[in-house]
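Asker: fold the following for me, if possible:
(one chain, ligands or ions: 3)
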Amino acid sequence: MAEPPRRGQVVALLANFCWVSLDQPGPAGQQRLLCTRRTRLAKSGQAIRVGDWVQLDGIDWTAGRGAVAAVEPSQRVLERPPVANISRVVVVMALAEPPIDPLQLTRFLITAEQSGAAVDLVFSKADLGGPALVQPWLQRTRAWGYAPLAVSSREPASLEPLRQRLSQPGLAVLCGPSGVGKSSLINALIPTLELRVAAVSGRLQRGRHTTRHVELFALAEGALLADTPGFNRPVLPADPTALMACFPELRTAHAELRCQFGDCLHQGEPGCAVGSEWDRHSLYSQTLQELLAAAQRSDAPARTGSAGSLRQRGNRVEPRLASQYRQPSRRGQRQQADADLNHPGQEG
Ligand SMILES: Nc1nc2c(ncn2[C@@H]2O[C@H](COP(=O)(O)OP(=O)(O)OP(=O)(O)O)[C@@H](O)[C@H]2O)c(=O)[nH]1
Ligand SMILES: [Mg+2]
Ligand SMILES: [Zn+2]
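Answerer: Numbers count the residues shown, from 1 in each chain. Ligands and ions are numbered 1, 2, ... in the order given. Here you go, the predicted structure:
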């Protein structure tokens, strides 16, 4: 007799297989199956991401194998690391080893905000930085609009507020640079796991890219955590006008104040109500210039998210009404922005 169709969630992706956690256990209590992708699905070009809900067929219970026949439509998606159906993104930054780089932190927060999921900020390795280091960062990022937590995977008590937040139903993705202790945190939160971790190395105290794949783990009933490989330069939105929505302090300022022009980029335009007297103004400007430089490139139209906010001028593209803020495109800046947009998966 043919097996009725089964449903499950992708919890890990390998080169040609994925692990699928079943929503109903199999006849002998099986929880997971190792699945291939149906050729039809592969041909349709539909990608499977960790977090996707999938329908299975061709199940061999004895061998613990099956095949993904269809991928269900997904909700919120984090582009990089690719994870579907997320409910929160937890940006993890170490207070030391490696030290915090505010621009990199901002870029991670921007990627997290772009997903549309709730964003949490966690400062890890709190045992390495005394209160003199921890407190100013907590204070500073509260002013950005976050509710940051400082934790140490070496001090179990410090993890409790984080555990409470992450025990809510849903899928929380931990992301951040390599070596900040994402896998160590998950090991500390779920002691039965023994995820591989490795010491940071070199003068810059860089991580060693120990985690290679995205994988989901259950913290509590219905609460999943995704461990992800660390990387150093998160992708920015392609559309410069989408940037301000990724800064909570700008969203708040904007709700209260009204700039004279609806498409104000808050770069000193006449009638700008936001101004430059805010902590991340220079980080915002720096990121914005990078996006504007990328958007100006003649081949940009295909990559910009919102055609309405950019216009074609000769063979270049620029944001509408913001032309006075165009920067002469410096080659290096352009190449870097371009590399970020084109090859998000290739830099470390
Ligand atoms: N002192 C201290 N060291 C920590 C803490 N958490 C992690 N570490 C160390 O930091 C190093 C990197 O930890 P990992 O958990 O591998 O970091 P990761 O973020 O998963 O790195 P990738 O998998 O490369 O992205 C290891 O040597 C850990 O032992 C902490 O809270 N305190
Ligand atoms: Mg890791
Ligand atoms: Zn403004």
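
Asker: tally of neighbours for the nearest residue to residue 173 once chain neighbours are set aside?
Answerer: Residue nearest to residue 173 in three dimensions, not counting chain neighbours: residue 226, with 4.2 Å by CB to CB, 6 or more residues apart in numbering. Quick note: C-beta positions are derived from backbone N, CA and C, even for glycine. Neighbour count for residue 226, taken as other CB atoms under 10 Å: 25.

Asker: interface residues of the stretch 201-348 of the chain facing ligand 1?
Answerer: Taking CB under 6 Å from any ligand atom as the test, the list of the stretch 201-348 of the chain residues beside ligand 1 reads 207-211, 229-230.

Asker: one more pass at 8 Å, please.
Answerer: Residues of the stretch 201-348 of the chain lying near ligand 1 by CB under 8 Å from any ligand atom: 207-212, 227-231.

Asker: out of those residues, which sit inside helices?
Answerer: Of these, none are assigned to helices by DSSP state H.

Asker: how about the helices in the chain?
Answerer: Going by DSSP H, the chain shows helices at 39-43, 102-114, 131-143, 160-166, 182-189, 248-256, 281-296, 331-342.

Asker: show me what contacts the residue most central in space within the chain?
Answerer: Nearest to the mean C-alpha position of the chain, counting by CA atoms, centre = their mean, stands residue 112 at 4.4 Å. With contact taken as CB atoms under 8 Å, 6 or more residues apart in numbering, residue 112 is in contact with 78, 89, 91, 119, 175.

Asker: how about the nearest residue to it, chain neighbours excluded?
Answerer: Per CB to CB, 6+ apart, closest to residue 112 is residue 89, 3.8 Å.

Asker: what separates that neighbour from residue 283, distance-wise?
Answerer: Going from residue 89 to residue 283 by CB to CB, to the nearest Å gives 19 Å.

Asker: who's more crowded, these two?
Answerer: Each of residue 89 and residue 283 has its neighbours counted (other CB under 10 Å); residue 89 has more, 27 against 18.

Asker: kindly state the beta-bridge partners for the residue nearest to residue 173.
Answerer: residue 173, residue 216 (DSSP bridges).

Asker: closest to ligand 3 among the residues of the stretch 201-348 of the chain next to ligand 1?
Answerer: residue 231 (31.8 Å; CB to the ion).

Asker: looking at it, the closest one is touching residue 182, isn't it?
Answerer: No. Residue 231 is beyond contact range of residue 182, at 11.3 Å (criterion: CB atoms under 8 Å).

Asker: neighbour count winner among those two?
Answerer: Neighbour count, other CB under 10 Å: between residue 231 and residue 182, residue 182 has more, with 31 against 21.

Asker: contacting residues for the more buried one?
Answerer: Residue 182 is in contact with 92, 124, 174-176, 211, 227-228, 230, counting by CB under 8 Å, 6+ apart.

Asker: which ones among those are found in strands?
Answerer: Judged by DSSP state E, the contacts of residue 182 include 92, 124, 174-175, 227 as members of strands.

Asker: tell me the domain boundaries of the protein?
Answerer: 6-71, 77-227, 240-342 (automatic domain parsing).

Asker: among the ones you listed, which is nearest ligand 2?
Answerer: domain 77-227 (3.1 Å).

Asker: report whether that closest one contacts ligand 2.
Answerer: Yes. Applying CB under 5 Å from the ion, one finds domain 77-227 touching ligand 2 at 182-183, 210-211.
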